[in-house]
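S.K.: Predicted model, plus sequence, below.
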Amino acid sequence: MGHDHGHDHTHGTNKKALWISFIIITGYMVVEAVGGFLTNSLALLSDAGHMLSDSVSLGIGLLAFTLGEKAADYSKTYGYKRFEILAAVFNGVTLVLISIYVFYEAYHRFMEPPEVASTGMLIIAVIGLVVNIVVAWMLMRGDTEENLNLRAAFLHVLGDLLGSVGAIIAALLIMFFDWGWADPLASVIVAVLVLISGWRVTKDAVHVLMEGTPKNVDLDEVIKTVESVEGVEGIHDLHVWSITSGQNALSCHAVVDGRLTIGQCQRLLRTIEHELVHKGIGHVTIQMESEDHPHEDSLMCGGTREHQH
């Protein structure tokens, strides 16, 4: 049960981090939008728009976690955990679209740099940087390595953090050197980073939706592990995929010694499950068959289990 408890604990930590981040980001987005109107700063209004996308992204992330907690039913036999991956795709695509829009805006600003109230812009951008650092730190405490949904939200905030840095530098350059082009230049640099992040998240999420082999699973190692168990003569029809972030599943046919009893088959199955959980696979479905009767006798030794470790 320890394995599931650990997963639930991480899930709870991730959800809490998203909740607090959502409240902070949404609150500061309103402050930045009002500040943008008061200082007549297009840069701040654009950044407020970026923070709106962060807020939406975090909100969808929270919805994904909530839906993911719903129990499996006859309609969704794996439950609703895949919604987290769909949310990650949405967030990744949103990041790409935001970066394209920033490129478009930057092009027009290079042609005609707008008049910016640089002092007000600098103050609000500095506060924005502090807010984004706090939120990014909170999200980093979650499982941003394994959980695609949380990583997408983290990258949104990271992009906004870099946007705040860019706005600060641009404000200083406008204040001291009257370089109006500094604002669109900073935007382009941030847009490139946001584009790369969005592309990576989208690619990883689509890989999960396409039932691709999880990145933390070595198929050759899995085959060696199963075939090294005494009584297993070989495996075929092997499939390894992710149900959602951090939850990998495996199904295969295992050819075993035809003289094994049902009890020995069950012990063999438990041994394989125990070995595979250390390879990052918790949900195992194995159909066992003898070499003499590959399919007719296979049901006597079949097994599907969620390994509790």
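M.R.: Received the coordinates, thanks.
S.K.: CA atoms for contacts and neighbours, from now on please.
M.R.: Will do.
S.K.: per-domain residue ranges of this protein.
M.R.: Annotated domains of the chain cover 12-210, 219-289 [the TED database].
S.K.: Out of those, which gets the lowest mean score?
M.R.: For those, mean pLDDT drops lowest on domain 12-210, to a mean of 81.
S.K.: would you list the domains of the chain in JSON lines and tack on mean neighbour count?
M.R.: As requested, the domains of the chain are arranged in JSON lines below (neighbours: other C-alpha atoms under 10 Å):
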{"stretch": "domain 12-210", "mean neighbour count": "20"}
{"stretch": "domain 219-289", "mean neighbour count": "18"}
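S.K.: how close does the most centrally placed residue in the chain sit to residue 229?
M.R.: Centroid-nearest residue in the chain, with C-alpha atoms, centre = their mean: residue 148, separated by 1.1 Å. Residue 148 sits at a distance of 33 Å from residue 229 (criterion: C-alpha to C-alpha, to the nearest Å).
S.K.: swap in residue 153?
M.R.: The gap separating residue 153 from residue 229 is 42 Å, by C-alpha to C-alpha.
S.K.: Please apply the same query to residue 123.
M.R.: Taking C-alpha to C-alpha as the measure, residue 123 and residue 229 are separated by 64 Å.
S.K.: Same question for residue 187.
M.R.: Distance from residue 187 to residue 229, by C-alpha to C-alpha: 57 Å.
S.K.: do residue 206 as well
M.R.: 34 Å.
S.K.: can you check residue 215 too?
M.R.: Going from residue 215 to residue 229 by C-alpha to C-alpha gives 24 Å.
S.K.: can you check residue 200 too?
M.R.: Look at residue 200 and residue 229: by C-alpha to C-alpha, they are 37 Å apart.
S.K.: and if you look at residue 23?
M.R.: Going from residue 23 to residue 229 by C-alpha to C-alpha gives 51 Å.
S.K.: List the residues that contact residue 125.
M.R.: The contact partners of residue 125, by C-alpha atoms under 8 Å, 6 or more residues apart in numbering, come to 44, 164-165, 167-168.
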